[in-house]
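> requesting a structural model of the entry that follows:
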Amino acid sequence: MDHKKQAAEILEAIGGKENISAATHCVTRLRLALHDEGIVDDEKLNKIDAVKGSFSTNGQFQIVVGQGTVDKVYKELVALAGIGESSKEDVKEASKGKMNPLQRGIKTLADIFIPILPAIVTAGLLLGINNILTATGIFWDDQSVIDVYPQWADIANMIIIIANTAFTFLPGLIGWSAVKRFGGSPILGIVIGLILVHPELLNAWDYGKAVEEGSVPTWNLFGWEIEKIGYQGQVLPVLVAAYVLTQIELFLRKRVPDSVQLLVVGPVALLVTGFLTFMFIGPVTFAIGNFITDGLVAVFDSFATLGGLIYGGLYGVLVITGMHHTFLAVDIQLIGSTGTTFLWPMLALSNIAQGSAAFAIMLASRDEKLKGLGLSSGVSAYLGITEPALFGVNLRFKYPFVIAISSSAIAGLYISARGVLANSIGVGGIPGIFSIVSDYWLDFLVGMAIVIILPLVATYLYAKRKKDV
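You can find the predicted model right below:
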């Protein structure tokens, strides 16, 4: 491939070098801040050999090129445009003015949770391995692997310790990422997060039982009783605490002389934030988080099939808008509060449905480039990354996307009616079955069959009838 020629064609299709404000790239995509996305020639762009799809999100115009190739095309592009290489932060800053407050809020959540996602997904996969070893009814009716082979028991115990660490110290991970996103010192974010799960505090998972027994420990501050509880598995307390910590730190850094900043900024910021969190932030956000969790659980308890139909069908739409990142926080909150989540299984099935639709286009198409794109993006979606399938194939022809979300709605209705639960967040595709509570594996497999077969067959037949691929 002539990367310089490909870059020149891309530059021409997006409106020339005058239309580029800043440019960077990630593993598979060119990420551009354009002055006017309206002048982009989508038809010309999608005919370029190197281009596998394009879409606009969060004020950025992103072009799917592919791993390995994107770096070479990017270097040629910035050289031809004469703009120089930019960082992701530069592009984000250049794109910021194009986002409304809701988009900025969603993007902030995404910037916080995406960096910690590898740790959470890894934990989910390891919990799945532990489930295979410890759950009854998988290989034997009333026994688990470690019941039959006790020599595996300690291995399973080591796995669960490794897997649970990310969830046990989740506030530390969120604190690090949130403070970094807000512009403070990430190390202080880690500390404030770990403060909220200190062993001296009552474990949040034991709080309900302690309330029933009347044994909740307290601090007495001059007659003011403050509950001495931790915030394991909670999202909101550490998010708000991280924001407050960052504002205090930035305030102090502007006013404290450099010579004593090490002795003043960190200690004062942590001390003030810690007191505010235990006295106000923690109790209020803990109550809000529990209210949201209880509300969602109540809705799905009362209207499980309707909830599954709506969420299963709309998740693909949420990915287009970027709003799916907000539900990552909801899933984490559900797992932290109840130990399971009923939302994440529908996410996994939605991703599979998009992959199946892309595979159908691959099978129906006579265009070699489209066949290759359908194959690669379908595999990617089956492994949890749907953007190439969504923006490169399904939205391009529209009906594959409609069929995919309709199929995932049907699958969502079914698994919600059956009460399918995941005990962790894993890979949001076919490997996601390992994150499902083992009692629901068969029901989840039925859901997988729906989103594999229905979009594949329906999209293929419709594509053959329409003859547009």
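> list the contacts of Phe275.
Under the criterion of Cβ atoms under 8 Å, 6 or more residues apart in numbering, the contact list for Phe275 is empty. C-betas here are computed from N, CA, C, even on glycine.
> C-alpha coordinates for the host helix or strand of it, PDB please?
Per DSSP states H and E: Phe275 is located in helix 261-276. Presented in PDB, the C-alpha positions along helix 261-276 are these (Å, rounded to 0.1, in the frame of the first residue of the first chain):
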ATOM      1  CA  GLN A 261       4.300  22.800  48.500                       C
ATOM      2  CA  LEU A 262       5.400  19.200  49.300                       C
ATOM      3  CA  LEU A 263       4.700  19.800  53.000                       C
ATOM      4  CA  VAL A 264       1.400  21.700  52.600                       C
ATOM      5  CA  VAL A 265      -0.500  20.800  49.400                       C
ATOM      6  CA  GLY A 266      -0.800  17.000  49.700                       C
ATOM      7  CA  PRO A 267      -1.400  16.800  53.500                       C
ATOM      8  CA  VAL A 268      -4.000  19.600  53.500                       C
ATOM      9  CA  ALA A 269      -5.800  18.500  50.400                       C
ATOM     10  CA  LEU A 270      -6.100  14.900  51.700                       C
ATOM     11  CA  LEU A 271      -7.000  15.900  55.200                       C
ATOM     12  CA  VAL A 272      -9.800  18.300  54.200                       C
ATOM     13  CA  THR A 273     -11.100  16.000  51.500                       C
ATOM     14  CA  GLY A 274     -11.000  13.000  53.900                       C
ATOM     15  CA  PHE A 275     -13.000  14.900  56.600                       C
ATOM     16  CA  LEU A 276     -15.500  16.200  54.000                       C
END
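> mind listing what's buried along that helix?
Neighbour counts using 16 or more other Cβ atoms under 10 Å place 265-266, 269-270, 273-274, 276 of helix 261-276 among the buried residues.
> same thing with stretch 13-21?
Of the residues in stretch 13-21, 13-15, 19-21 count as buried by neighbour count, 16+ other Cβ under 10 Å.
> can you flag which of those belong to strands?
Mapping these onto strands (DSSP state E) picks out 20-21.
> just give me the closest of the buried residues of stretch 13-21 to Ala364.
Minimum distance to Ala364 across the buried residues of stretch 13-21 is 26.1 Å, recorded for Ala13 (Cβ to Cβ).
> skipping adjacent residues, who's closest to that closest one in space?
Among residues not flanking Ala13 along the chain, Leu45 sits closest, at 3.9 Å (Cβ to Cβ, 6 or more residues apart in numbering).
> that older thread, can you redo the buried residues of stretch 13-21 as CSV with pLDDT and distance to Ser435?
Listed next are the buried residues of stretch 13-21 as CSV, based on pLDDT from 0 to 100; distance: Cβ to Cβ, whole Å:
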residue, pLDDT, distance to Ser435
Ala13, 91, 40
Ile14, 90, 39
Gly15, 90, 43
Asn19, 88, 43
Ile20, 87, 41
Ser21, 85, 40
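> hmm, which two among the buried residues of stretch 13-21 are most spread apart?
The widest separation within the buried residues of stretch 13-21 (Cβ to Cβ) is 16.7 Å, between Ala13 and Ser21.
> list the buried residues of the helix or strand harbouring Gly447.
Here Gly447, judged by DSSP H and E, is contained in helix 441-466. Neighbour counts over helix 441-466 (16+ other Cβ under 10 Å) mark 441, 443-444, 447-448, 450-452, 454-456, 458-460, 462-463 as buried.
> what's the answer for stretch 142-161, then?
The neighbour-count check on stretch 142-161 (16+ other Cβ under 10 Å) flags 144-146, 152, 156, 159-160 as buried.
> and the following helix or strand past the helix holding Phe275, what's buried?
Per DSSP H and E, the first helix or strand lying C-terminal to helix 261-276 is helix 282-302. Residues of helix 282-302 classed as buried under the neighbour-count rule (16+ other Cβ under 10 Å) are 282, 285-286, 289-290, 292-293, 296, 300.
> and these as CSV, adding pLDDT and distance to Ser365?
Below are the buried residues of helix 282-302 laid out as CSV (pLDDT from 0 to 100; distance: Cβ to Cβ, whole Å):
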residue, pLDDT, distance to Ser365
Gly282, 91, 55
Thr285, 91, 50
Phe286, 87, 52
Gly289, 83, 47
Asn290, 81, 50
Ile292, 82, 44
Thr293, 82, 45
Leu296, 82, 41
Phe300, 84, 39
